[in-house]
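# sequence plus the predicted model coming up.
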Amino acid sequence: MRWSVMVALKTLVFSILVPGTVAGVIPWLLLQGAAGPVLLLPSIWMVGFLPLLLGVGLYLWCAGAFTFIGKGTPAPIDAPVVLVKEGPYQWVRNPMYIAVLSVIIGEAILFRSFLLAGYALLVAVVVHMFVVFVEEPSLRSQFGESYETYLRTVPRWLPRPPLTPHG
């Protein structure tokens, strides 16, 4: 029990520092003096609020999977020791990044900010390059054939039902 509390605390700290900065602090700084007013029409407001809320929920689900299934944190220096293929990871390989991008896109819509939309695009490109050139080679090395099978059966970015069970 002590171990899982420690890992959960480290996950919380990482989540505040990294995704909290990427999807919270930087957008806030970019919006200073540049954002339109928050949209008050309920239907339009929901268009922005929905991806933001879904992104936060998905991030929490992913972080929980890393903590309790993977026995690690989202931080690369304390990464999971077990390959996480359950929860949202059974449908798409990178749901945590999708969650953070969803929050930024929701903010861009909510605040009617082309600047934030451009920032979301920049984050998407940087994350894609990181995944392809750093993260995937590292996971191949760490998890071997198990990860190769996962690569063949679960898409990188566009979710779909799993082709085979990941037992």
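Sure thing, it's come through.
# now the helices for this protein?
Assigned by DSSP state H, the helices in the chain fall at 2-17, 19-20, 26-31, 42-68, 95-110, 114-130, 136-143, 145-153.
# among these, which is the most enclosed?
helix 95-110 (a mean of 23; mean count of other C-beta atoms under 10 Å). The way it works is simple: take the backbone N, C-alpha and C, and place the C-beta from them, glycine included.
# next, the angle helix 114-130 makes with it.
Relative orientation of helix 95-110 versus helix 114-130 (axes from the mean of the first three to the mean of the last three C-alpha atoms, to 10 degrees): 170 degrees.
# which strands or helices does helix 95-110 pack on?
On a contact count with 3 or more C-beta pairs under 8 Å, 6 or more residues apart in numbering; DSSP states H and E, helix 95-110 meets helix 19-20, helix 26-31, helix 42-68, helix 114-130.
# what's the angle between the lowest-mean-pLDDT helix or strand in the chain and helix 95-110?
Here the helix or strand of the chain ranked lowest by mean pLDDT, DSSP states H and E is helix 2-17, holding a mean of 80. Angle of helix 2-17 versus helix 95-110, following the same axes, to 10 degrees, is 30 degrees.
# for helix 2-17, which outside residues touch it?
Applying C-beta atoms under 8 Å, 6 or more residues apart in numbering, the contact partners of helix 2-17 are Tyr59, Ala63, Phe66, Thr67, Phe68, Lys71, Gly72, Thr73, Pro74, Ala75, Asp78.
# quick one: contacts for the third one?
Residues in contact with Phe66 (C-beta under 8 Å, 6+ apart) are Thr11, Gly72, Thr73, Pro74, Ala79, Pro80, Val84, Met96.
# many thanks, have a good one.
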